[in-house]
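> Provided below for reference: sequence and predicted model.
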Amino acid sequence: MRTPIIASNWKLHKTRKESREFLNQFREKVKYISETEIALAPTYTSLDIVANGLEGTGIKLCAQNVYFESEGAFTGEVSPEMLAEIGTKYVIVGHSERRQIFRETDGMINKKISAVFEQGMKPILCIGETEDQRKQGKTESVLQNQLRNDLRGLDPEQVSETIVAYEPIWAIGTGESASPADAQAGCKFVREQIKKIVSKEAGEKVRLQYGGSIKPHNARELMSQPDIDGGLVGSASLDPDSFAEIISITEDLTKTP
Ligand code: PEP
(Lines give C-alpha, C1' and ligand atoms only; values in the text may rest on other atoms or scores of the structure.)
Protein backbone atom coordinates (compact mmCIF):
# COMPACT_ATOMS: atom_id res chain seq x y z
CA MET A 1 0.00 0.00 0.00
CA ARG A 2 1.52 3.34 -1.07
CA THR A 3 0.92 6.31 1.26
CA PRO A 4 -0.55 9.20 -0.71
CA ILE A 5 1.44 12.42 -0.72
CA ILE A 6 0.08 15.86 -1.49
CA ALA A 7 2.67 18.60 -1.92
CA SER A 8 2.25 22.31 -2.46
CA ASN A 9 4.32 24.40 -4.82
CA TRP A 10 4.02 28.03 -3.89
CA LYS A 11 6.37 29.09 -6.71
CA LEU A 12 7.19 32.81 -6.42
CA HIS A 13 4.37 33.62 -4.00
CA LYS A 14 4.01 34.62 -0.35
CA THR A 15 6.15 36.90 1.77
CA ARG A 16 7.27 35.72 5.20
CA LYS A 17 4.25 37.45 6.72
CA GLU A 18 1.88 35.76 4.27
CA SER A 19 3.54 32.38 4.89
CA ARG A 20 2.95 32.78 8.63
CA GLU A 21 -0.68 33.71 8.04
CA PHE A 22 -1.19 30.68 5.79
CA LEU A 23 0.27 28.33 8.40
CA ASN A 24 -1.83 29.71 11.20
CA GLN A 25 -4.96 28.76 9.29
CA PHE A 26 -3.73 25.63 7.53
CA ARG A 27 -2.41 23.74 10.57
CA GLU A 28 -5.84 23.71 12.16
CA LYS A 29 -7.57 22.50 9.01
CA VAL A 30 -5.38 19.42 8.56
CA LYS A 31 -4.99 18.45 12.22
CA TYR A 32 -6.96 15.23 11.78
CA ILE A 33 -5.11 14.01 8.66
CA SER A 34 -3.33 10.74 9.45
CA GLU A 35 -3.15 8.65 6.27
CA THR A 36 -1.93 11.26 3.79
CA GLU A 37 1.55 12.74 3.76
CA ILE A 38 1.61 16.52 3.34
CA ALA A 39 4.56 18.63 2.17
CA LEU A 40 4.77 22.41 1.83
CA ALA A 41 7.15 24.08 -0.63
CA PRO A 42 7.50 27.80 0.13
CA THR A 43 10.09 30.17 -1.34
CA TYR A 44 13.62 30.01 0.07
CA THR A 45 13.02 33.10 2.22
CA SER A 46 10.05 31.47 3.94
CA LEU A 47 11.62 28.04 4.47
CA ASP A 48 12.62 28.79 8.07
CA ILE A 49 9.20 30.26 8.89
CA VAL A 50 7.49 27.15 7.55
CA ALA A 51 10.04 24.83 9.23
CA ASN A 52 9.31 26.43 12.61
CA GLY A 53 5.57 26.55 12.02
CA LEU A 54 5.45 22.86 11.11
CA GLU A 55 7.26 21.62 14.22
CA GLY A 56 5.29 18.84 15.85
CA THR A 57 2.75 18.57 13.03
CA GLY A 58 4.22 15.77 10.87
CA ILE A 59 3.87 18.00 7.79
CA LYS A 60 7.08 17.93 5.75
CA LEU A 61 9.19 20.84 4.57
CA CYS A 62 9.89 20.83 0.84
CA ALA A 63 12.17 23.12 -1.19
CA GLN A 64 11.30 24.18 -4.73
CA ASN A 65 14.82 23.83 -6.09
CA VAL A 66 18.44 23.11 -5.15
CA TYR A 67 21.90 23.23 -6.71
CA PHE A 68 23.98 20.06 -6.98
CA GLU A 69 27.30 21.44 -5.65
CA SER A 70 27.90 21.72 -1.93
CA GLU A 71 29.81 25.01 -2.00
CA GLY A 72 31.81 27.29 -4.25
CA ALA A 73 31.52 30.12 -6.74
CA PHE A 74 27.86 29.58 -7.71
CA THR A 75 26.26 32.94 -7.10
CA GLY A 76 22.62 32.75 -6.15
CA GLU A 77 22.49 29.02 -5.56
CA VAL A 78 21.57 27.01 -2.45
CA SER A 79 23.15 23.65 -1.63
CA PRO A 80 21.56 20.38 -0.51
CA GLU A 81 23.46 20.63 2.81
CA MET A 82 21.92 24.05 3.48
CA LEU A 83 18.43 22.71 2.84
CA ALA A 84 18.96 19.59 4.94
CA GLU A 85 20.36 21.72 7.80
CA ILE A 86 17.02 23.50 8.24
CA GLY A 87 14.96 20.32 8.18
CA THR A 88 13.98 20.02 4.51
CA LYS A 89 12.70 16.53 3.68
CA TYR A 90 11.72 16.87 0.00
CA VAL A 91 13.06 18.91 -2.89
CA ILE A 92 11.19 19.57 -6.13
CA VAL A 93 13.58 18.89 -9.00
CA GLY A 94 13.08 19.43 -12.71
CA HIS A 95 9.88 21.45 -12.56
CA SER A 96 8.91 22.47 -16.11
CA GLU A 97 9.37 26.14 -15.19
CA ARG A 98 12.98 25.41 -14.25
CA ARG A 99 13.48 23.38 -17.41
CA GLN A 100 11.92 26.01 -19.68
CA ILE A 101 12.72 29.38 -18.09
CA PHE A 102 16.06 28.52 -16.46
CA ARG A 103 17.20 26.05 -19.12
CA GLU A 104 17.82 23.17 -16.73
CA THR A 105 18.90 20.05 -18.56
CA ASP A 106 18.27 16.40 -17.73
CA GLY A 107 22.00 16.16 -16.90
CA MET A 108 21.67 18.86 -14.24
CA ILE A 109 18.46 17.34 -12.92
CA ASN A 110 20.16 13.96 -12.61
CA LYS A 111 23.00 15.53 -10.57
CA LYS A 112 20.51 17.35 -8.36
CA ILE A 113 18.64 14.14 -7.58
CA SER A 114 21.85 12.38 -6.47
CA ALA A 115 22.87 15.39 -4.39
CA VAL A 116 19.46 15.46 -2.68
CA PHE A 117 19.75 11.77 -1.74
CA GLU A 118 23.31 12.28 -0.47
CA GLN A 119 21.93 14.68 2.12
CA GLY A 120 19.20 12.30 3.26
CA MET A 121 16.34 14.15 1.52
CA LYS A 122 14.03 12.87 -1.21
CA PRO A 123 13.41 14.37 -4.65
CA ILE A 124 10.04 15.13 -6.20
CA LEU A 125 11.01 14.73 -9.84
CA CYS A 126 8.71 16.54 -12.29
CA ILE A 127 8.35 15.25 -15.82
CA GLY A 128 5.83 15.95 -18.54
CA GLU A 129 5.20 16.85 -22.15
CA THR A 130 4.37 20.16 -23.83
CA GLU A 131 1.13 20.68 -25.72
CA ASP A 132 2.94 20.36 -29.07
CA GLN A 133 4.61 17.12 -28.06
CA ARG A 134 1.23 15.77 -26.99
CA LYS A 135 -0.37 16.76 -30.30
CA GLN A 136 2.45 15.05 -32.15
CA GLY A 137 1.88 11.83 -30.19
CA LYS A 138 5.24 12.13 -28.43
CA THR A 139 4.05 12.03 -24.80
CA GLU A 140 5.37 8.55 -24.08
CA SER A 141 8.76 9.09 -25.70
CA VAL A 142 9.22 12.38 -23.81
CA LEU A 143 8.39 10.71 -20.49
CA GLN A 144 10.61 7.76 -21.29
CA ASN A 145 13.60 9.99 -22.12
CA GLN A 146 13.16 12.15 -19.05
CA LEU A 147 12.94 9.10 -16.80
CA ARG A 148 15.98 7.41 -18.35
CA ASN A 149 18.14 10.54 -18.17
CA ASP A 150 16.97 11.96 -14.87
CA LEU A 151 17.16 8.69 -12.93
CA ARG A 152 20.44 7.49 -14.48
CA GLY A 153 22.86 5.90 -12.01
CA LEU A 154 20.43 5.73 -9.10
CA ASP A 155 20.07 2.42 -7.32
CA PRO A 156 16.63 0.74 -7.26
CA GLU A 157 16.08 1.71 -3.62
CA GLN A 158 16.65 5.40 -4.47
CA VAL A 159 14.30 5.20 -7.44
CA SER A 160 11.60 3.67 -5.27
CA GLU A 161 12.03 6.56 -2.82
CA THR A 162 11.81 9.21 -5.52
CA ILE A 163 8.41 10.82 -5.93
CA VAL A 164 7.74 11.21 -9.64
CA ALA A 165 5.24 13.93 -10.51
CA TYR A 166 3.68 13.55 -13.93
CA GLU A 167 2.90 17.13 -14.88
CA PRO A 168 1.69 17.66 -18.44
CA ILE A 169 2.98 21.18 -19.13
CA TRP A 170 -0.21 22.21 -20.89
CA ALA A 171 -2.15 21.58 -17.68
CA ILE A 172 0.07 23.60 -15.35
CA GLY A 173 -1.38 26.90 -14.23
CA THR A 174 -3.97 26.85 -17.01
CA GLY A 175 -7.00 25.83 -14.96
CA GLU A 176 -7.41 22.93 -17.41
CA SER A 177 -6.39 19.75 -15.73
CA ALA A 178 -5.70 16.57 -17.67
CA SER A 179 -8.73 14.29 -17.67
CA PRO A 180 -8.55 11.62 -14.96
CA ALA A 181 -8.11 9.03 -17.73
CA ASP A 182 -5.16 10.91 -19.29
CA ALA A 183 -3.56 11.55 -15.91
CA GLN A 184 -3.91 7.85 -15.06
CA ALA A 185 -2.52 6.81 -18.46
CA GLY A 186 0.55 9.06 -17.94
CA CYS A 187 1.19 7.71 -14.44
CA LYS A 188 0.62 4.11 -15.50
CA PHE A 189 3.16 4.58 -18.29
CA VAL A 190 5.68 6.04 -15.81
CA ARG A 191 5.21 3.08 -13.46
CA GLU A 192 5.62 0.57 -16.28
CA GLN A 193 8.78 2.31 -17.48
CA ILE A 194 10.30 2.24 -14.00
CA LYS A 195 9.50 -1.47 -13.80
CA LYS A 196 11.26 -1.93 -17.12
CA ILE A 197 14.23 0.41 -16.65
CA VAL A 198 14.89 -0.22 -12.95
CA SER A 199 13.02 -3.15 -11.41
CA LYS A 200 9.52 -4.50 -10.92
CA GLU A 201 9.75 -3.81 -7.20
CA ALA A 202 10.85 -0.19 -7.68
CA GLY A 203 7.97 0.35 -10.10
CA GLU A 204 5.48 -1.03 -7.63
CA LYS A 205 6.86 0.97 -4.70
CA VAL A 206 7.50 4.34 -6.36
CA ARG A 207 4.91 7.00 -5.53
CA LEU A 208 3.54 8.94 -8.48
CA GLN A 209 1.87 12.30 -8.29
CA TYR A 210 -0.24 13.99 -10.88
CA GLY A 211 0.22 17.77 -11.20
CA GLY A 212 -1.59 20.33 -13.33
CA SER A 213 -4.55 22.45 -12.21
CA ILE A 214 -5.66 20.19 -9.36
CA LYS A 215 -8.55 21.92 -7.61
CA PRO A 216 -11.05 20.80 -4.98
CA HIS A 217 -13.65 20.13 -7.71
CA ASN A 218 -11.48 17.68 -9.69
CA ALA A 219 -9.33 16.21 -6.89
CA ARG A 220 -11.57 13.24 -6.10
CA GLU A 221 -11.56 11.82 -9.60
CA LEU A 222 -7.88 12.46 -10.16
CA MET A 223 -6.73 11.10 -6.80
CA SER A 224 -8.85 7.97 -7.09
CA GLN A 225 -6.96 6.69 -10.14
CA PRO A 226 -5.06 3.46 -9.39
CA ASP A 227 -1.60 4.69 -10.41
CA ILE A 228 -1.91 8.17 -8.90
CA ASP A 229 -0.55 8.32 -5.36
CA GLY A 230 -0.95 12.01 -4.74
CA GLY A 231 -0.68 15.44 -6.25
CA LEU A 232 1.63 18.38 -6.74
CA VAL A 233 -0.53 21.45 -6.34
CA GLY A 234 0.40 24.96 -7.52
CA SER A 235 -2.27 27.69 -7.55
CA ALA A 236 -4.76 25.86 -5.33
CA SER A 237 -2.10 25.40 -2.64
CA LEU A 238 -1.86 29.14 -2.04
CA ASP A 239 -5.20 29.19 -0.30
CA PRO A 240 -5.38 27.24 2.99
CA ASP A 241 -9.02 26.30 2.42
CA SER A 242 -8.65 24.87 -1.07
CA PHE A 243 -5.36 23.11 -0.28
CA ALA A 244 -6.80 21.57 2.89
CA GLU A 245 -9.86 20.47 0.93
CA ILE A 246 -7.73 18.65 -1.65
CA ILE A 247 -5.88 16.91 1.18
CA SER A 248 -9.09 16.02 2.93
CA ILE A 249 -10.52 14.50 -0.28
CA THR A 250 -7.36 12.42 -0.65
CA GLU A 251 -7.54 11.32 2.99
CA ASP A 252 -11.16 10.35 2.48
CA LEU A 253 -10.21 8.10 -0.43
CA THR A 254 -7.77 6.17 1.77
CA LYS A 255 -10.73 5.26 3.97
CA THR A 256 -13.11 4.29 1.17
CA PRO A 257 -13.04 0.55 0.58
C1 PEP B 1 2.81 23.13 -10.52
O2 PEP B 1 3.32 24.23 -10.57
O3 PEP B 1 3.51 22.13 -10.32
C4 PEP B 1 1.37 23.01 -10.72
C5 PEP B 1 0.85 21.82 -10.83
O6 PEP B 1 0.66 24.19 -10.78
P7 PEP B 1 -0.95 24.33 -10.90
O8 PEP B 1 -1.55 23.46 -9.85
O9 PEP B 1 -1.20 25.79 -10.67
O10 PEP B 1 -1.31 23.88 -12.28
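Nice, thanks for sending it over.
> with adjacent residues omitted, what lies nearest to the residue in the stretch 151-257 of the chain that the ligand sits nearest to?
Closest to the ligand within the stretch 151-257 of the chain is G234: 2.1 Å, counting by C-beta to the nearest ligand atom. For the C-beta atoms, the positions are set from N, CA and C on the backbone; glycine is no exception. Closest residue to G234 apart from its sequence neighbours, by C-beta to C-beta, 6 or more residues apart in numbering: N9 at 5.0 Å.
> before we move on, back to that, the residue of the stretch 151-257 of the chain closest to the ligand contacts L12, correct?
No: checked against C-beta atoms under 8 Å, the pair G234 and L12 is beyond contact range at 11.0 Å.
> burial measure for S160, as a count.
By the criterion of other C-beta atoms under 10 Å, S160 has 18 neighbours.
> quick one, what contacts it?
198, 201-202, 205-206 (C-beta atoms under 8 Å, 6 or more residues apart in numbering).
> just the ones in helices from the residues you listed, please.
Counting by DSSP state H, the part of the contacts of S160 found in helices is 201-202, 205.
> for the residue of the stretch 151-257 of the chain closest to the ligand, give me phi and psi.
Dihedral pair for G234: phi -90, psi -100, per degrees, to the nearest 10.
> measure how buried it is and give me the count.
Neighbour count of G234, defined by other C-beta under 10 Å: 21.
> and what of G56?
With other C-beta under 10 Å as criterion, G56 counts 7.
> buried among the ones in helices among the contacts of S160? Make that a PyMOL selection.
Listed next is the PyMOL selection for buried residues among the ones in helices among the contacts of S160, using 16 or more other C-beta atoms under 10 Å:
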select buried, resi 202+205
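> in a markdown table: the ones in helices among the contacts of S160, plus distance to the ligand and pLDDT.
A markdown table is the format used below for those (distance: C-beta to the nearest ligand atom, whole Å; pLDDT from 0 to 100):
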| residue | distance to the ligand | pLDDT |
| --- | --- | --- |
| E201 | 28 | 98 |
| A202 | 24 | 98 |
| K205 | 23 | 98 |
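> so I38 belongs to a strand, correct?
Yes: under DSSP: H, G, I helix; E, B strand; the rest coil, I38 falls within a strand.
> how far off centre is the helix or strand hosting R148?
In the assignment (DSSP states H and E), R148 maps to helix 139-150. Counting by C-alpha atoms, centre = their mean, to the nearest Å, helix 139-150 is centred 17 Å from the centre of its parent chain.
> which parts of the protein sit against the ligand?
By the rule C-beta under 6 Å from any ligand atom, the part of the chain lying against the ligand is 9, 167, 172-173, 211-214, 232-236.
> try it again with 8 Å
Neighbours of the ligand within the chain, by C-beta under 8 Å from any ligand atom: 9, 11, 92, 95-97, 126, 165, 167, 171-175, 177, 211-215, 231-237.
> and these, which are buried?
For the residues of the chain next to the ligand, buried by 16+ other C-beta under 10 Å: 9, 11, 92, 95-97, 126, 165, 167, 171-172, 177, 211-214, 231-237.
> I'd assumed P168 was in contact with E129.
Yes: counting by C-beta under 8 Å, P168 is a contact partner of E129 at 5.9 Å.
> what is in contact with these two at once?
T139.
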